[in-house]
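J.: Here you go, sequence then predicted model.
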Amino acid sequence: MDRNRTILTPGKQEAIFIWYFNAPRERVFKIYTDRDLVPQWWGPRNLITVVEKMEVRPGGEWRIIQTDEAGNEYAFHGVYHAVISSEKLVYTFEYEGTPGHVLLETITFTEEDGLTEVLDQSVYQSVEDRDEMVMEGMEEGAAESYERLAELLKLSGRRLE
């Protein structure tokens, strides 16, 4: 049975993704926070992802730009609020194509018997903002990113420890 799931409660301004990876949480955390590894899993496969800035520390900024085959760019940015190594990330997330719609994302990493649970909670400013992201394909995009992350973990093996 697949334990991975998405929780989108009607009328609430949050989205919760729970995914499990067959790897130690230190390795999963590293893939989340290494600017050279993020482009290998973040976002859809059909986009080229570039990490322009990634200062993984409280107060540090991040910015990621994705480009499609036609040369269209999609940029995202935010600020880290909490970084607890191998345990938790808290940061803001804003798509530059629709400025002013900032969400707060909290990701916790929990390991049991070599299996790491990633619990990703995104809290939007409004139910409408959350629902708009759902309509834009947020669930499918997140699932593809998590699948790519699992593939990277499988390929990387011990090289990241």
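T.: Cool, got the structure.
J.: On the three-state scheme, R45 is what?
T.: Look at R45: counting by DSSP: H, G, I helix; E, B strand; the rest coil, its state is coil.
J.: can I assume it is in contact with E144?
T.: Yes: R45 sits in contact with E144 when judged by C-beta atoms under 8 Å, with a separation of 6.8 Å. C-betas here are computed from N, CA, C, even on glycine.
J.: All the helices of this structure, residue numbers only.
T.: When secondary structure is read from DSSP state H, the chain shows helices at 25-33, 127-135, 138-156.
J.: Same question for the second one: list its buried residues.
T.: Applying a neighbour-count criterion of 16 or more other C-beta atoms under 10 Å, one finds 129-131, 133 buried in helix 127-135.
J.: Tabulate those (JSON lines), appending pLDDT.
T.: As requested, those are exported to JSON lines (pLDDT from 0 to 100):
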{"residue": "D129", "pLDDT": "94"}
{"residue": "R130", "pLDDT": "95"}
{"residue": "D131", "pLDDT": "94"}
{"residue": "M133", "pLDDT": "90"}
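J.: Looking at the residues you listed, spot the one nearest L37.
T.: Minimum distance to L37 across the buried residues of helix 127-135 is 24.5 Å, recorded for M133 (C-beta to C-beta).
J.: surely that closest one meets L8?
T.: No: contact status for M133 versus L8: not in contact, 9.8 Å apart, counting by C-beta under 8 Å.
J.: residues near G71, how many?
T.: Using other C-beta atoms under 10 Å, G71 has 6 neighbouring residues.
J.: What backbone torsions are found at the residue sitting furthest away from the middle of the chain?
T.: In the chain, the greatest distance from the average C-alpha position (C-alpha atoms, centre = their mean) is reached by A70, at 24.4 Å. In terms of degrees, to the nearest 10, the main-chain angles of A70 are phi -80, psi 0.
J.: what pLDDT does it get?
T.: What the model reports as pLDDT for A70 is 97.
J.: Next: R3.
T.: R3 is assigned a pLDDT of 89 by the prediction.
J.: List the buried residues of stretch 111-124.
T.: Along stretch 111-124, the positions that meet the burial threshold by neighbour count (16+ other C-beta under 10 Å) are 111, 116-118, 120-122, 124.
J.: Name the nearest of the residues you listed relative to A15.
T.: Scanning the buried residues of stretch 111-124 for proximity to A15, where the rule is C-beta to C-beta, the winner is S122, at 4.7 Å.
J.: one step back: out of the buried residues of helix 127-135, flag the one nearest to D36.
T.: Distances from these to D36 were compared by C-beta to C-beta; the smallest belongs to M133, at 27.4 Å.
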